[in-house]
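A.B. asks: give me coordinates for this.
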Amino acid sequence: MKSVLITGANRSIGLETAKQLSEKGLFVYLGSRSLENGKAVVKELNENGFQNIKAIQIDVTNPDSVLEAKNTIEKEQGKLDILINNAGILGVNPQPASDTAIENIQEIFETNFFGVIRVTQQFLELLKKSDSPIISNITSGLASLTLHSDPDWKYYAVKTAGYGTSKAALNAYTIALAHELKDTFRVNVIDPGYTATDFNHHSGPGTIASAATFIIKHTLTDENGPTGKFFSNDIEDESGISPW
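C.D. replies: Numbering: from 1, shown residues only. Down below sits the predicted model:
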């Protein structure tokens, strides 16, 4: 049975992704900053027929927490097949580039960018023990510099000095990581699209179910699947490939 760790999975898109992967027969580590909250979610999932899901405490901003999660999975599984870096924060909003406090931008980057690097680097040892390791970094359409430069893009006016730039940095890191690991890993960034969640006060047009299905579609690829790509659920092209 393949194993997957999803950070920030105790609610919203992360939780739905955990549910759908459980239904597909994977063993899911449901990452949550609060172990108590994570266990409560898993208890409810079990009561509703979901199996092979375990809550694990992981705060991506805390090196000790990340190491402890890695040690737990290593002890229980010996390896990790899939890492989905889903944990992220929006931060204070609005975020004008001219006067958003540096401390606010740093806080966003600590989770959305440095947190992903911290988790990824810590778990690489376990992922390398998998026959077919996969890393999916959850990004945003607001990370596309090409689209942000196009006045005709429907979200052109949505500029965020912290959130969008943190995801653009994540995209750039993913390109570098995918190239380094291109012979053995599949590493991609996936934008679930503008989805109605607590994150955006349910303003998005997409559904959580659709977002999770899209993430899984571009995560559970075979050994010949793409790597180093940017997929977006908001791209109308059938390929789903977004410009960087």
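
A.B. asks: give me the average confidence score over stretch 8-15.
C.D. replies: In this model, stretch 8-15 has a mean pLDDT of 97.

A.B. asks: mind listing what's buried in it?
C.D. replies: Neighbour-count burial for stretch 8-15, counted by 16 or more other C-beta atoms under 10 Å, picks out 8, 9, 10, 12, 13, 14, 15. For the C-beta atoms, the positions are set from N, CA and C on the backbone; glycine is no exception.

A.B. asks: stretch 221-231 too?
C.D. replies: Neighbour-count burial for stretch 221-231 flags 227, 228, 229, 230, 231 (criterion: 16+ other C-beta under 10 Å).

A.B. asks: select the longest helix from the chain.
C.D. replies: Ranked by residue count under DSSP state H, the longest helix found in the chain is helix 163-180.

A.B. asks: packing partners for it?
C.D. replies: Packing partners of helix 163-180 (3 or more C-beta pairs under 8 Å, 6 or more residues apart in numbering; DSSP states H and E): helix 102-109, helix 115-127, strand 134-138, strand 186-191.

A.B. asks: which residue ranges form the helices in this protein?
C.D. replies: Using DSSP H, the helices of the chain run over 12-23, 35-47, 63-77, 102-109, 115-127, 145-148, 163-180, 208-217.

A.B. asks: just those helices: most buried one?
C.D. replies: Of all the helices of the chain, helix 12-23 has the most neighbours on average by mean count of other C-beta atoms under 10 Å, namely a mean of 22.
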